[in-house]
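Undergrad: The following block contains a protein sequence and its predicted model.
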Amino acid sequence: MIAQKGGAETLSGTFMAFASLAYQKCIKDKESGKVLIDEGNSYSAYAIEVYIMTVTALEAFINEVISSLHGKQVERVPVEIFEDMDLKNKYYYFPLLYWGKTFNKNESLYADFSCLIKVRNCFVHYKMDPEEERRYYKHLNNKKLLLTSVSSFTGKVSNAKAALWAYNTTCDMAHKLIEFGDDRTKIHWGSMLSNFTKISDSVDVIRNTETGKTVHGIHIIG
């Protein structure tokens, strides 16, 4: 398995590394000058990969946490109840049942998380349902994450800014989940969170003097 540079080797970390590489490709698309540029944003099909990999990373991460705590926490909470639970409910009920704290459904982070899952599902389980798309179109539009000059919803969300939003929302969700935990959980999973390091919206483009090739470096927040 691979993980973020300096991060721990976990399955969730591997998925985040793939998401990071896909985002870098979004930036390269923009700099190529060969894709649609829309009010500072840019079209990139690689955003789809970011959506898929980040949601997959979130699912892997919470399953890793649940597996590590099984038998060490409250025995009256059987791990089996989470096996068939959808991802959105798993992130809400797992910390609530184990630690007595959980996400506020009215806060922006949980709303972003919920929307991210729907966007990912839009590509993975494509059903051509305009009504379903309209349910979260407004949320993304308010954040200015849609391309305005593209007609289809899948085209509108295939862009660099939305990909960055997806990546950083995933990082925030992972950190918040562990924040709910007890001291033992925070100590054990603290190093794993290096795989969930947010990316800023600025990018360095560095010329390698030896090869003459352009190297794209992403600023890390933290």
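TA: Great, that's in hand.

Undergrad: Residue 85: what's its closest spatial neighbour, skipping adjacent residues?
TA: residue 93 (6.9 Å; C-beta to C-beta, 6 or more residues apart in numbering). C-beta coordinates here come from the backbone N, C-alpha and C atoms, glycine included.

Undergrad: For the one you found, give me its contacts.
TA: Shown in contact with residue 93 (C-beta atoms under 8 Å, 6 or more residues apart in numbering): 82, 85, 102.

Undergrad: Kindly report the same for residue 30.
TA: So residue 30 contacts 37, 42, 44, 160 (C-beta under 8 Å, 6+ apart).

Undergrad: Rounded mean pLDDT for the longest helix seen in the chain, please.
TA: Ranked by residue count under DSSP state H, the longest helix found in the chain is helix 46-69. Taken as a whole, helix 46-69 has a mean pLDDT of 94.

Undergrad: Give me the angle between the next helix or strand along the chain from that helix and helix 46-69.
TA: Using DSSP states H and E, the next helix or strand after helix 46-69 towards the C-terminus is helix 87-99. Put simply, helix 87-99 runs at 30 degrees to helix 46-69, going by axes from the mean of the first three to the mean of the last three C-alpha atoms, to 10 degrees.

Undergrad: Name the residues that touch the helix or strand just after helix 87-99?
TA: The helix or strand immediately downstream of helix 87-99 is helix 108-124, counting by DSSP H and E. The contact list for helix 108-124 (C-beta under 8 Å, 6+ apart) reads 48, 51-52, 54-55, 58, 87-88, 91-92, 103-105, 132-133, 135-136, 139-140, 153-154, 157, 162, 165-166, 169-170, 172-173, 176.

Undergrad: ok but residue 148 is inside a strand, no?
TA: No. Residue 148 is assigned coil when assessed by DSSP: H, G, I helix; E, B strand; the rest coil, not a strand.
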